[in-house]
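[1] Below: sequence and its predicted model.
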Amino acid sequence: MSGSRRSFLITSSVGIGAAVGVAGVGGAAAGLYSNAARPLLEGVSSDAAELPIVDTHQHLWDLSQLTLGWLKGAPEVLTRNYGLAEYAAATEGLNVVQAVYMEVDVIPEHQRKEADALIAVCRSGKSPTVAAVISGRPDSDGFAEYIRSYSSAPEIRGVRQVLHAESAVRGLCLKPQFVASMKLLGELGLSFDLCMRPGELEDGVALAKQCPETRFIVDHCGNAAPAAFLPKSVRKNPPEHDADQWRRDMSAFAACPNVICKISGVIAAAPSGVPFAESLAPIVNHCLDEFGPDRVVFGGDWPVCLLGGTYRDWVFSLRQIVADRPRVEREKLWSGNARRFYRLPA
Ligand SMILES: [Zn+2]
């Protein structure tokens, strides 16, 4: 993966990879997002016998309704609409039984529109989406009022501000206003997703330590770059971050009882020419070993994952990576921990 590709990944939470055939926009059954039934994908067998999946990182976007500033100049595969119908097609046969929507870094003026649309999706009961993590700007004066206004919406489970966006300078999450907002989230029973540059994870660790009553999720295995873990002989470019530093930072996160790790995202930046399971295993296994079987959750990160591989590629690779772990641990990773952490309806 070239430097420019990787910089897009870091600034936009995405990498680059194979574009796949994703269907166009459906109707508008649930607010902004379509839930129209879609035919089975040809040649895809059912994996219903596999463990059920709770996807803790589902994105949806309708670009006629929401502005995602970070998509400007993004690869074509991302600059189209992704609704519930497309999600159903992408996950067909994978036994995805529930999903938690993850905010998509809309422009601040659209944050409420996004949140309100997702509450409607959750309440419609017509899709696997049962809860949502909404966007917010914890360093702003209006954050307390903003988040309190959603306290009567039980579908809202947490907040995220993408901290690797260009607008998020290093150290933002340690500013006093930001820290105070994190403490407020804890009081409200809401979590915060830490989606950070891999070289800045220690800021997140410091934040988690300052807010022991707030629950944090480290997104995308700390945004580790798979290429950084390849042997020198295979690597095409210099590593984009130090793999050992990442290992130490993730271990430091794991030492915080109020932090869990989302196993997600890494396929978007998977290097070409290496099987997914092979390039992603060092990252996934370190996270699983350090956080232990009870503090790891699965996330699809669709459609951003399409930059590296399909949803199916990600699920199949992860199944391969964890195949030798006890079934009880795999069940926790794929669904059990997410149900407990997000208090999902049975
Ligand atoms: Zn994502």
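    Received it, and whenever you're ready, just let me know what you need. The structure displayed is predicted, hence computed values, not measured ones. Numbering: from 1, shown residues only.

[2] Near the ion, which residues of this structure are found?
    Within the chain, the positions adjacent to the ion are D301, V304 by Cβ under 5 Å from the ion. Just so you know, the C-beta spots here come from the backbone N, C-alpha and C atoms, and that holds for glycine as well.

[3] residues contacting the closest residue to the ion within the chain?
    The nearest approach of the chain to the ion comes at D301, 4.3 Å away (Cβ to the ion). Going by Cβ atoms under 8 Å, 6 or more residues apart in numbering, D301 touches H57, H59, M102, H220, S264, G265, I267, A268, W314.

[4] Take those residues and keep only those in helices.
    H220, W314 (DSSP state H).

[5] Which ones among the contacts of D301 map onto strands?
    In this view, the contacts of D301 that belong to strands under DSSP state E are H57, M102.

[6] Name the nearest of the contacts of D301 relative to G204.
    Of all those, H220 has the smallest distance to G204: 12.3 Å, by Cβ to Cβ.

[7] can you give me the helices in the stretch 151-300 of the chain?
    Assigned by DSSP state H, counting those that start in this stretch, the helices in the stretch 151-300 of the chain fall at 176-188, 201-210, 220-223, 243-254, 276-291.

[8] now the first one against helix 201-210, angle please.
    In this structure, helix 176-188 runs at an angle of 50 degrees to helix 201-210, with axes from the mean of the first three to the mean of the last three Cα atoms, to 10 degrees as the basis.

[9] Please list the outside residues in contact with helix 176-188.
    136, 138-141, 143-144, 147-148, 151, 158-159, 172-173, 191-192, 207, 210-211, 213-215.

[10] between the helices of the stretch 151-300 of the chain, which gets nearest to R319?
    Using Cβ to Cβ, the nearest of the helices of the stretch 151-300 of the chain to R319 is helix 276-291, at 8.8 Å.

[11] So which other helices or strands are in contact with the closest one?
    Judged by 3 or more Cβ pairs under 8 Å, 6 or more residues apart in numbering; DSSP states H and E, the packing partners of helix 276-291 are helix 220-223, helix 243-254, strand 259-263, helix 311-322.

[12] Just the buried residues of it, please?
    For helix 276-291, the neighbour count (16 or more other Cβ atoms under 10 Å) marks 276-284, 286-288, 290-291 as buried.

[13] Reformat the residues you listed as a markdown table; add pLDDT and distance to K232.
    What follows is the buried residues of helix 276-291, written out as a markdown table (pLDDT from 0 to 100; distance: Cβ to Cβ, whole Å):
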| residue | pLDDT | distance to K232 |
| --- | --- | --- |
| F276 | 97 | 21 |
| A277 | 97 | 21 |
| E278 | 95 | 16 |
| S279 | 95 | 14 |
| L280 | 97 | 18 |
| A281 | 98 | 18 |
| P282 | 97 | 14 |
| I283 | 98 | 17 |
| V284 | 98 | 21 |
| H286 | 98 | 19 |
| C287 | 98 | 23 |
| L288 | 98 | 25 |
| E290 | 98 | 24 |
| F291 | 98 | 28 |
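
[14] quick one on the thing from earlier: show me just the buried residues among the contacts of helix 176-188.
    Among these, those scoring as buried are 136, 138-139, 143, 147, 158-159, 172-173, 191-192, 207, 211, 214-215 (criterion: 16+ other Cβ under 10 Å).

[15] May I have stretch 326-340 as CSV, with CA atoms only?
    Extracted C-alpha coordinates of stretch 326-340, given in CSV (Å, rounded to 0.1, in the frame of the first residue of the first chain):
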residue,chain,number,x,y,z
PRO,A,326,-12.4,-22.2,22.4
ARG,A,327,-16.0,-22.0,21.2
VAL,A,328,-17.1,-20.1,24.3
GLU,A,329,-14.5,-17.4,23.6
ARG,A,330,-15.5,-17.2,19.9
GLU,A,331,-19.1,-16.8,20.9
LYS,A,332,-18.2,-13.9,23.2
LEU,A,333,-16.2,-12.2,20.4
TRP,A,334,-18.9,-12.6,17.8
SER,A,335,-21.9,-11.7,19.9
GLY,A,336,-21.9,-12.3,23.6
ASN,A,337,-19.7,-9.4,24.7
ALA,A,338,-21.5,-7.0,22.4
ARG,A,339,-24.9,-7.9,23.8
ARG,A,340,-23.7,-7.4,27.3
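
[16] Next, the buried residues of that stretch.
    By 16+ other Cβ under 10 Å, the buried positions in stretch 326-340 come out as E329, R330, K332, L333, W334, S335, G336, N337, A338, R339.

[17] Can you verify the first one is assigned to a helix?
    Yes. The assignment for E329 (DSSP: H, G, I helix; E, B strand; the rest coil) places it in a helix.

[18] can you tell me which residues contact the spatially closest residue to it that is not a sequence neighbour?
    Spatial nearest neighbour of E329, chain neighbours left out: P293 (4.1 Å); criterion: Cβ to Cβ, 6 or more residues apart in numbering. Taking Cβ under 8 Å, 6+ apart, we find P293 in contact with R325, V328, E329, K332, L333.

[19] pLDDT wise, what is the second one at?
    If you check V328, the pLDDT there is 96.

[20] how far away is it from G336?
    9 Å (Cβ to Cβ, to the nearest Å).

[21] swap in the first one?
    If you measure R325 against G336 using Cβ to Cβ, the figure is 13 Å.
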